[in-house]
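1. how would this look folded up:
(chains A and B)
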Amino acid sequence: DTGVSQNPRHKITKRGQNVTFRCDPISEHNRLYWYRQTLGQGPEFLTYFQNEAQLEKSRLLSDRFSAERPKGSFSTLEIQRTEQGDSAMYLCASRLLSGGALEQYFGPGTRLTVT
Amino acid sequence: DAKTTQPPSMDCAEGRAANLPCNHSTISGNEYVYWYRQIHSQGPQYIIHGLKNNETNEMASLIITEDRKSSTLILPHATLRDTAVYYCIVPLFGNEKLTFGTGTRLTIIP
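-> Numbers count the residues shown, from 1 in each chain, chains lettered A, B, ... in the order given. As a prediction, this is how the structure comes out:
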């Protein structure tokens, strides 16, 4: 499968714990995006990378959230001191910059439940 | 991003054409209209995009009105696998992020 992959697919954690999610984009895609989706709502943009550089962060990305893409390939999203309001689906997407359209390819997501 | 308005839900009979409308009356001249869909428990999937001309690909057709204030996504022969939430998105020109809204929940009826 050469699509975007995300791990883990599901994560249950207790309030106050730290969690880390991983996204592997499509090979050679230089742009990588993180979105968050809560029940009944469309995905909301969190941040995106051009290779290893983080170019934009949403106001939704509080100080407890940090994202990295250290070698311009896979990316990680870490949430520190999780809160129940962090429960959501976390989606990763990638695209090739040379493609003119905003044709983002999405992974299956990581569903986080904070108890 | 230009504000978009879509009906919250629609039904369509299997095998018929599904026509999904979207209003985007504040769209600027250089902003594209994008359509994505999200099948239950999956990530969103790109369908099609256009500027002012009608567009067609293997998945769908996109009809944009001459004044560009509205558009219609057409699935020519809907199947049960087309049941999904469909999002009409008009990103700000040069903006990388997609603003999804709540979309239209399309149900294909056997």
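2. Tell me the pLDDT of B:Gly94.
-> For B:Gly94, the model assigns a pLDDT of 80.
3. same deal with the one 3 residues further on?
-> B:Lys97 carries a pLDDT value of 88.
4. right, and it touches A:Arg31 too?
-> No - with contact defined as C-beta atoms under 8 Å, B:Lys97 does not reach A:Arg31; the gap is 11.0 Å. Every C-beta, even on glycine, is put in place using the N, C-alpha and C of the backbone.
5. any residues in contact with both of those two?
-> By the contact definition C-beta atoms under 8 Å, 6 or more residues apart in numbering or on different chains, B:Lys97 and A:Arg31 are jointly contacted by A:Tyr48.
6. near chain B, which residues of chain A?
-> A:4, A:31, A:33, A:35, A:40-45, A:48, A:55-56, A:58, A:91, A:93, A:101-109 (C-beta under 8 Å from any C-beta of the partner chain).
7. Tell me which of those fall in strands.
-> Applying DSSP state E to these, the entries found in strands are A:Arg31, A:Tyr33, A:Tyr35, A:Glu44, A:Phe45, A:Tyr48, A:Leu55, A:Glu56, A:Leu91, A:Ala93, A:Tyr105, A:Phe106.
8. Select only the buried ones of those in PyMOL?
-> Only the buried entries of these go into this PyMOL selection, using 16 or more other C-beta atoms under 10 Å in any protein chain shown:
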select buried, chain A and resi 31+33+35+44+45+48+91+93+105+106
